[in-house]
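1. need a 3D model of the sequence below.
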Amino acid sequence: MISRFFGLNFDFAGAITASLCAVHCTLFPIFLSLGLTTNTTHNHTFDFVMMSIGVLIAGYSLVKDYIKSHKNPMPLFLALVGFITLFIGIETHGDLFILNILGGLLIVISHLINWRLSHPRIAVKS
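-> So this is what the prediction gives:
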């Protein structure tokens, strides 16, 4: 109902949000190493706000589809591991930025798997 009301696919929104997170976590250390920014310009509040939005989107989308559609815990498990990995990466203040990238990618994969499980292909008879 909510996704129809807003015209938004929450798996798509979650995958896009997690992808932007992964890109952000990839580019910032590169810019830092090239001297294009300083570590003081990075605000972890932004990271936690984005992660909170991701948790809300994933929570709604993945739990709803698990209960109503496919009953496969894999997307939920991948998202949980992704958010834990992302949180640890944020808490290390960029020292383990690879965890941020890995966490974001796990969340993207969880949404893609959830989409695939929730929208099975229709068999075409010849």
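2. helix or strand right after the top helix by length along the chain?
-> If you go by DSSP state H, the chain has its longest helix at helix 10-33. Counting by DSSP states H and E, the next helix or strand C-terminal to helix 10-33 is helix 44-65.
3. mind listing what's buried in the longest helix of the chain?
-> 10-11, 13-15, 17-18, 21-22, 24-25, 28-29, 32 (16 or more other CB atoms under 10 Å). (C-beta placed from N, C-alpha, C; glycine too.)
4. now render those as CSV, adding pLDDT.
-> Shown next, in CSV, are the buried residues of helix 10-33 (pLDDT from 0 to 100):
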residue, pLDDT
Phe10, 85
Asp11, 82
Ala13, 83
Gly14, 84
Ala15, 83
Thr17, 82
Ala18, 82
Cys21, 77
Ala22, 78
His24, 79
Cys25, 76
Phe28, 79
Pro29, 77
Leu32, 80
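5. any chance of JSON lines for the residues you listed, columns distance to Phe83?
-> As requested, these are exported to JSON lines (distance: CB to CB, whole Å):
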{"residue": "Phe10", "distance to Phe83": "16"}
{"residue": "Asp11", "distance to Phe83": "16"}
{"residue": "Ala13", "distance to Phe83": "16"}
{"residue": "Gly14", "distance to Phe83": "11"}
{"residue": "Ala15", "distance to Phe83": "14"}
{"residue": "Thr17", "distance to Phe83": "12"}
{"residue": "Ala18", "distance to Phe83": "10"}
{"residue": "Cys21", "distance to Phe83": "11"}
{"residue": "Ala22", "distance to Phe83": "13"}
{"residue": "His24", "distance to Phe83": "16"}
{"residue": "Cys25", "distance to Phe83": "13"}
{"residue": "Phe28", "distance to Phe83": "19"}
{"residue": "Pro29", "distance to Phe83": "20"}
{"residue": "Leu32", "distance to Phe83": "24"}
